[in-house]
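K.L.:
kindly generate the corresponding structure for this input.
(2 chains)
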2 protein chains.
Amino acid sequence: MTVLDTLRNHVSVRDYTPEPIPDADWQELLRAAQQASTDATGQMYSAVELRDPAVRHTIGELLGQRQIATAARALVVCLDVRRLRLLLEHRGERLGIRPAVALLFGITDASLFAQSVVVASEAAGYGVCYIGAVQNHAREVANILAIPEGVVPLWGLTIGRPASRTSPKPRIDTRQVVHVDRYRDPTEQDLGSMFEAMKAATRSGDWLNAIRKYFAVGGIMEQREESFRELLAAQGLGI
Amino acid sequence: MTVLDTLRNHVSVRDYTPEPIPDADWQELLRAAQQASTDATGQMYSAVELRDPAVRHTIGELLGQRQIATAARALVVCLDVRRLRLLLEHRGERLGIRPAVALLFGITDASLFAQSVVVASEAAGYGVCYIGAVQNHAREVANILAIPEGVVPLWGLTIGRPASRTSPKPRIDTRQVVHVDRYRDPTEQDLGSMFEAMKAATRSGDWLNAIRKYFAVGGIMEQREESFRELLAAQGLGI
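P.N.:
Sure thing, here's the model as predicted:
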C-alpha cells in the first residue's frame, strides 16, 4: 500500500484488539516522528504516554472515551515551552516567547509530531484516534499527569490493531479548501454542495447536525472557551 | 523506502530543481491529505496555493524566502472558521466557536493536513519546507491573498524536487519528549545532554545560539507576539 493509500484510508478507530505494539517498534516509531519539522529547532511539545492501567482507566472514564483503556498505546500530547525555558536558564538566558505565539508554534509542533505518529502507525496497519475531549476535562488530566507550568495538554491519541473497519468519511471538495492565488468565498450553491458532499459524515444524513452540535452558538466548542482560557492561565500561558 | 525511513530522512529543502509536480498528481495528493483527522468533521483550515509568478515573487521577497518563487508548489496554510460560519448561516444557524478554542482546533486541523501533504510529498521523492517567516509579514500576506475575516494565515509550505541533499538534523532524546504516566522535569545533567545532542543542529556547534535567537527575551518569537495578536484581531479572532 502506498502512502497515498494510507492517507486515503484514514478513519478514526476506537475499537482495538488486545494485540500490543512491541516496545522496540514503538520507540522506533516515536523517534522517527520526532524528525518532523519544528520551528527554529525548538521542539515545543511533549507527550505523556499512559501506561499504568489505573491511569488509563481513570482518564478513559473521565473523558468518556474507553478506548483510552483498551488501546495498545495512549498519549496525551502537549504544547511545551517549559523545556525551552529550562534549557535557556541552564545557560543563563531567559525565555522570551509569549502566549499567543507559543500557541501558534507549539500547537503546530505538537501536531506535526502527532500526525507523523499517525501516518507511521497506519502504514504499519494500526488504527488511531485523536481525542479532542481532553479539552472537556483538561485541568483534571493535567493534575493526574503532573503536567506543570509551561506545558498545556492539547488532545489525546490512541493507537492499536483495529478490531473492526469502517469506511473513510467524506471531505468537502478540494477546490473549497485549496484556493489559487486568492481566497474566494463559496457561493450559496457551493455551500449546498458541501452539505451534500458531507451527508455521509453523520448518522442522521444531515451534516448540519454535526457542525451545529460543535460549532454553533451554545455548542461544544463555545462551551470549551472559558475552561481552555483558565487552563492556559493556570499553566502560565494566559491570553 | 518505508514510511519510517521517509520520516527519518526528513530535512527542510529550500533548493529545488525546475521539475514541476503535475497537476493530476498534486490534486490527488491534496485530496488524500484532506482525509487527515479533523475535530468534529469541521475542517477548520484552508490553504492558498501561490501560482501566479508575480505573487510568488512578491511574497518570496517580502519574507526573504526565495524558494517560494522557485518551488514546484507553494502554499500559505490558514486557520479557517469562516467557511463554518457561512455553512451554519446558510442553514439559519450562527457560529459560536470563540478565538482561543478556534486557535487550538484550527491550528491542529491545519497542521494535520499540512503534515499529511509533507509525508506524501516526501514519500514521492519531493522535498518540503515549512515557512514560519509568514508571521514576520502576515498582514501583508493576508492582503495580497485577499484573506478575509475568520481566516488567519499561519505559515507557508514549499514543495519540489530537491536540487541537493542535506543530512537530517538531530533531535533531543525521546525520553525527554515522551514521558510515562507523569511529566518529569529534566535534571541539569539531562539539559546538558540535550545541548550535546543538538550540537549538529546549528552551524556554530552550540544549540544555544539557535534557541536564544528565537526563544530568549528579545528574540524573534517575542517580537512576533504583538503583530500576531494584531493579525488575529484584524481577522476577527482577537484574543
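
K.L.:
strands along chain A, start to end?
P.N.:
In chain A, the strands defined using DSSP state E lie at A:45-49, A:73-80, A:127-131, A:151-160, A:178-180.

K.L.:
can you list the strands that the longest one pairs with?
P.N.:
The sheet places strand A:151-160 alongside strand A:73-80 (antiparallel), strand A:127-131 (antiparallel), with pairing taken from DSSP bridges.

K.L.:
in CSV: those, plus mean pLDDT and mean neighbour count.
P.N.:
For glycine as for every other residue, the C-beta is placed from the backbone atoms N, C-alpha and C. Shown next, in CSV, are the strands paired with strand A:151-160 (pLDDT from 0 to 100; neighbours: other CB atoms under 10 Å in any protein chain shown):
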stretch, mean pLDDT, mean neighbour count
strand A:73-80, 98, 26
strand A:127-131, 98, 24
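
K.L.:
dump those into CSV; add distance to residue B:36 as well.
P.N.:
Output for these, formatted as CSV (distance: least, CB to CB, whole Å):
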stretch, distance to residue B:36
strand A:73-80, 15
strand A:127-131, 10
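
K.L.:
so residue A:86 touches residue B:191, yeah?
P.N.:
Yes: counting by CB atoms under 8 Å, residue A:86 does reach residue B:191; the two are 6.0 Å apart.

K.L.:
which residue does chain A bring closest to chain B?
P.N.:
Chain B sits closest to residue A:111 of chain A, with a gap of 3.3 Å, by CB to the nearest CB.

K.L.:
can you give me the neighbour number for that residue?
P.N.:
Using other CB atoms under 10 Å in any protein chain shown, residue A:111 is surrounded by 27 other residues.

K.L.:
so what pLDDT did the spatially closest residue to it that is not a sequence neighbour get?
P.N.:
Leaving aside its chain neighbours, residue A:111 sits nearest to residue B:111 (3.3 Å; criterion: CB to CB, 6 or more residues apart in numbering or on different chains). Per-residue confidence (pLDDT) for residue B:111: 98.

K.L.:
tell me where the longest helix sits in chain A.
P.N.:
helix A:99-123 (DSSP state H).

K.L.:
quick check: the closest residue to residue A:225 other than its chain neighbours vs residue B:176, distance?
P.N.:
The spatial neighbour of residue A:225 that comes closest, neighbours along the chain excluded (CB to CB, 6+ apart), is residue B:98 at 4.2 Å. From residue B:98 across to residue B:176, the span is 34 Å (CB to CB, to the nearest Å).

K.L.:
where does chain A have low pLDDT?
P.N.:
Along chain A, the model assigns pLDDT under 70 to no residue.

K.L.:
distance of the most far-flung residue of it relative to its centre relative to residue B:212?
P.N.:
Within chain A, the residue lying farthest from the chain centre (CA atoms, centre = their mean) is residue A:92, at 34.0 Å. According to CB to CB, residue A:92 and residue B:212 sit 10 Å apart.

K.L.:
state the distance from the residue lying closest to residue A:167 once chain neighbours are set aside to residue B:164.
P.N.:
Spatial nearest neighbour of residue A:167, excluding adjacent residues (CB to CB, 6+ apart): residue A:11 at 7.1 Å. To residue B:164, residue A:11 is 38 Å away according to CB to CB.

K.L.:
the two: who's more crowded?
P.N.:
Per other CB under 10 Å, whichever of residue A:11 and residue B:164 has more neighbours is residue A:11, with 17 against 10.

K.L.:
chain A: helices as residue ranges?
P.N.:
Assigned by DSSP H, the helices in chain A fall at A:3-8, A:23-34, A:53-63, A:67-70, A:82-90, A:99-123, A:138-144, A:174-177, A:188-197, A:207-215, A:220-234.

K.L.:
okay, these, which one's buried deepest?
P.N.:
Stretch with highest mean neighbour count among the helices of chain A: helix A:99-123 (a mean of 26; mean count of other CB atoms under 10 Å in any protein chain shown).

K.L.:
what's the angle between it and helix A:23-34?
P.N.:
130 degrees (axes from the mean of the first three to the mean of the last three CA atoms, to 10 degrees).

K.L.:
contacting residues around the nearest residue to residue A:32 once chain neighbours are set aside?
P.N.:
Using CB to CB, 6+ apart and skipping the chain neighbours, the partner closest in space to residue A:32 is residue B:7 (4.1 Å). Contacts of residue B:7 were listed using CB atoms under 8 Å, 6 or more residues apart in numbering or on different chains, and they are A:32-33, A:35-36, A:116, A:119-120, B:119.

K.L.:
so residue A:113 makes contact with residue A:77?
P.N.:
Yes: assessed by CB under 8 Å, residue A:113 is found in contact with residue A:77 at 7.4 Å.

K.L.:
now for these two: what residues contact both?
P.N.:
A:45, A:47.

K.L.:
check the burial of residue A:20 by counting its neighbours.
P.N.:
Around residue A:20 there are 12 residues (other CB under 10 Å).

K.L.:
please apply the same query to residue A:22.
P.N.:
Neighbours of residue A:22 using other CB under 10 Å come to 10.

K.L.:
skip the chain neighbours and tell me the closest residue to residue A:110.
P.N.:
When the adjacent residues along the chain are set aside, residue A:110 lies closest to residue A:45, with 3.7 Å between them (CB to CB, 6+ apart).

K.L.:
gap between that neighbour and residue A:76?
P.N.:
Distance of residue A:45 to residue A:76, given as CB to CB: 11 Å.

K.L.:
OK, contacts around the residue nearest to residue A:232 when sequence neighbours are not counted?
P.N.:
Excluding the flanking residues, the one nearest residue A:232 by CB to CB, 6+ apart is residue A:238, at 5.4 Å. For residue A:238, the contact set (CB under 8 Å, 6+ apart) comprises A:99, A:229, A:232.
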